[in-house]
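A.B. asks: The amino acid sequence is not available; the structure is as follows:
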């Protein structure tokens, strides 16, 4: 009898029932960072929108994100519906040789959001403006130790070096202190180990909204409608902008038809009010890219970043 009702329901509501699934998010960093926030926010919206019965999360840090990539490749489809969140660092770390694999070893599923870089100080910092930080850096770059939740040569380092290069012409002198994921980098800032935090805007908002810190500037090309009070570097006279994508990848043996199903699921999600609530809370910009477009964007960014990293001396 139970099977009969299930069959009848599938015939009447085929899309709604078949669309539901259980997504397991693989997160290549520790709790509290941008990857973690994006994965958990996406999972939250999937369940609240009724598009997934359940979502689960696995933090697997190490190797500059390489450990999680290797795990996804090794596991393949043994664990169904496992998707890894990643972002610009998968491109940068492959270029610098920090990880042995690249996005080409995986199946790009969907580009989800755009985020921006942000520069943060503690509420009691002597540097209460971007101009004050730049003045100190001009005097002696060693006065401004910059924390980031990624390895040397990766995104947080590169974005800060680009900003100080644009502001002072001496980005190579940046003193960068790497931490294992954004959560530990925030702790480093709050404990006074460093004077400035280079991180994603969504992570910076948590600190700023708690009253513990202040966002001096961010890297969007123009002010954000959701956060008009946060200055862009361009508005402060520093000709630099940077946009970081975050998206999802499947194991390399995932069938193309399954990848297309995932892409359709997340397109549907991003039209829901539940997603909009998560997006607005984190200051993200929607960036839906289906698998083919997502792959093309990755290839284009790889070419652009190779040139930037060569110019700043990150790679030969």
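C.D. replies: The structure has been received and is ready for your questions. Everything numeric in this text was worked out from a predicted model, so none of it was measured.
A.B. asks: model confidence over the longest strand out of those in the chain, on average?
C.D. replies: As far as residue count goes, and with DSSP state E defining each element, the longest strand of the chain is strand 107-122. Mean pLDDT, strand 107-122: 94.
A.B. asks: elements contacting the helix or strand following it?
C.D. replies: Read in the C-terminal direction, the helix or strand following strand 107-122 is helix 130-139, with elements assigned using DSSP states H and E. Contact here means 3 or more C-beta pairs under 8 Å, 6 or more residues apart in numbering; DSSP states H and E; on that basis helix 130-139 packs against strand 107-122, helix 155-168, strand 213-218. All C-beta atoms are positioned from the backbone trio N, CA, C, and that covers glycine.
A.B. asks: Out of these, the one nearest residue 260 is which?
C.D. replies: Comparing the helices and strands packed on helix 130-139 against residue 260 with C-beta to C-beta, the closest turns out to be strand 107-122 (9.2 Å).
A.B. asks: so the longest helix seen in the chain versus strand 107-122, what angle?
C.D. replies: Among the elements of type helix in the chain, defined by DSSP state H, the one spanning the most residues is helix 291-311. What separates the directions of helix 291-311 and strand 107-122 is an angle of 50 degrees, with axes from the mean of the first three to the mean of the last three C-alpha atoms, to 10 degrees.
A.B. asks: May I see the buried residues of helix 291-311?
C.D. replies: In terms of neighbour count (16 or more other C-beta atoms under 10 Å), helix 291-311 has its buried residues at 291, 294-295, 297-298, 301-302, 305-306, 308-309.
A.B. asks: Just give me the least confident of the residues you listed.
C.D. replies: residue 308 (83).
A.B. asks: ok, it touching residue 161?
C.D. replies: No: with the criterion set as C-beta atoms under 8 Å, residue 308 and residue 161 do not qualify as a contacting pair; they are 9.3 Å apart.
A.B. asks: which residue sits closest to residue 52 in space, ignoring its chain neighbours?
C.D. replies: The spatially closest residue to residue 52, leaving aside those adjacent along the chain, is residue 46, at 3.9 Å (C-beta to C-beta, 6 or more residues apart in numbering).
A.B. asks: Tell me the spacing between the one you found and residue 268.
C.D. replies: When C-beta to C-beta, to the nearest Å is the yardstick, residue 46 and residue 268 sit 10 Å from each other.
A.B. asks: So for these two, which residue has more residues nearby?
C.D. replies: Under the criterion of other C-beta atoms under 10 Å, the comparison of residue 46 against residue 268 puts residue 46 first, with 27 against 15.
A.B. asks: quick one, what contacts that one?
C.D. replies: Residues in contact with residue 46 (C-beta atoms under 8 Å, 6 or more residues apart in numbering) are 23, 52, 55, 265, 269.
A.B. asks: Count the neighbours of the residue nearest to the third one when sequence neighbours are not counted for me.
C.D. replies: The shortest distance from residue 55 to any non-neighbouring residue, by C-beta to C-beta, 6+ apart, is to residue 43 (3.3 Å). Residues within reach of residue 43, counting by other C-beta under 10 Å, total 20.
A.B. asks: Helix, strand, or coil at residue 43?
C.D. replies: Using DSSP: H, G, I helix; E, B strand; the rest coil, the three-state assignment for residue 43 comes out as helix.
A.B. asks: so what's it scoring on pLDDT?
C.D. replies: According to the model, residue 43 carries a pLDDT of 97.
A.B. asks: my read: it touches residue 57, true?
C.D. replies: Yes: using C-beta under 8 Å, residue 43 makes contact with residue 57 at a distance of 6.6 Å.
A.B. asks: who touches both of the two?
C.D. replies: Common neighbours of residue 43 and residue 57 (criterion: C-beta under 8 Å, 6+ apart): residue 25.
A.B. asks: Next, the contact list for the nearest residue to residue 134 once chain neighbours are set aside, please.
C.D. replies: Taking C-beta to C-beta, 6+ apart as the measure, residue 134 lies nearest to residue 167, with 4.8 Å between them; neighbours along the chain are not counted. Under the criterion of C-beta under 8 Å, 6+ apart, the contact partners of residue 167 comprise 134, 137, 233, 238, 240.
A.B. asks: Relative to residue 22, how far out is the residue nearest to residue 52?
C.D. replies: The value you get for residue 46 to residue 22, if C-beta to C-beta is used, is 10 Å.
A.B. asks: quick one, phi psi at residue 188?
C.D. replies: Torsion angles at residue 188 (phi, psi; degrees, to the nearest 10) stand at phi -60, psi -40.
A.B. asks: Isn't it up against residue 147?
C.D. replies: Yes: in this structure, residue 188 sits in contact with residue 147. The criterion is C-beta under 8 Å, and the distance is 4.5 Å.
A.B. asks: anything in contact with each of the two?
C.D. replies: Common contact partners of residue 188 and residue 147 (C-beta under 8 Å, 6+ apart): 177, 179, 194, 197.
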